[in-house]
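1. attaching a predicted model along with its sequence, questions to come.
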Amino acid sequence: MLSHLFAVSMVVVMVGLGLWQLDRLEVRKADNDQIRAASEAPSRRIEDLLDEPDILDHTAVTLTGVYRTDLSFLVANRTFDTRPGSWLATPVELADGRLAVVSRGWIPRSVVAADAVATISSPTGDVVISGRLFDSVDGGRIGEGRAPLPEISRIELDVVSELLGVDVVGRWVQLESQDPPRSDLPVPVPPPILDDGPHLSYAFQWFFFSASGALTYLYILRRRLREAPDGA
């Protein structure tokens, strides 16, 4: 009896996992549609977006201001093409005096370890930045190790304000391009790949495993019934 319950429960679990992967596929498609719509919409000035409550992440945005390189910081443990490194972030002072955090891009760990971040050039005077707008994220922790710049784990803007000792606006920008042009470093962080991911293939695998398990169990059960003595 226990073997029957085990076989049935395993089939049910694998079917459930397949359905779960299909649900994740639908969520990913919906997320991709939102990202695509936000990023492909006409770019808007950051000043026009800061007070709007329901702005989608990846909204195309432009801002003009001056880099406050004295307030630059690192976002730790970021990879680019599988290479370890950090993001270099610098607040930009807008015309009205507010500070907007701009993640300028990725720099390799070797540059951070060699205390060479200061050699990365920054435009002086006004800079025009195009990028993608994001809400503050959770989980930001201030780094306690040795680093050439203040360091944080994620761009949680309240924690950034604590880190830098200044107020910053409630959204941040992932840089895509700037005028004057940037140097080789930092490398702008590319937008996410908007594909369906592996969820459909994973779902097919779970459904295949469940069907194979059910058919194998039925075959074994039929064979045992044939081999059982008459009247057993």
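-> Great, that's in hand.

2. and Val189, how close does it get to Ile152?
-> Counting by C-beta to C-beta, to the nearest Å, the gap between Val189 and Ile152 amounts to 16 Å. No exception for glycine: its C-beta is placed from N, CA and C like everyone else's.

3. more crowded one of the two?
-> Using other C-beta atoms under 10 Å, the more surrounded residue of Val189 and Ile152 is Ile152, with 23 against 18.

4. would you check that the more buried one makes contact with Val159?
-> Yes. With contacts counted by C-beta atoms under 8 Å, Ile152 reaches Val159, the gap being 6.2 Å.

5. anything in contact with each of those two?
-> Residues touching both Ile152 and Val159 (C-beta atoms under 8 Å, 6 or more residues apart in numbering): 140-142.

6. by neighbours, which of those residues wins?
-> Neighbour-wise, the shared contacts of Ile152 and Val159 (other C-beta under 10 Å) top out at Gly140, 18 neighbours.

7. which ones are touching that one?
-> The contact partners of Gly140, by C-beta under 8 Å, 6+ apart, come to 152-156, 158-160.

8. where does this protein have low pLDDT?
-> 1-4, 145, 228-232 (pLDDT under 70).

9. tell me the domain boundaries of it?
-> For the chain, automatic domain parsing gives the domain ranges 2-32+196-227, 59-179.

10. next one: phi and psi at the residue nearest the centre of the chain?
-> With distances taken as C-alpha atoms, centre = their mean, Pro192 lies nearest the centre of the chain, 7.7 Å away. Dihedral pair for Pro192: phi -70, psi 150, per degrees, to the nearest 10.

11. and it, how far from Arg224?
-> Noted for Pro192: a distance of 52 Å to Arg224, by C-beta to C-beta.

12. distance to Ala41 added to the domains of the chain, as CSV?
-> Formatted as CSV, the domains of the chain follow (distance: least, C-beta to C-beta, whole Å):
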stretch, distance to Ala41
domain 2-32+196-227, 15
domain 59-179, 6
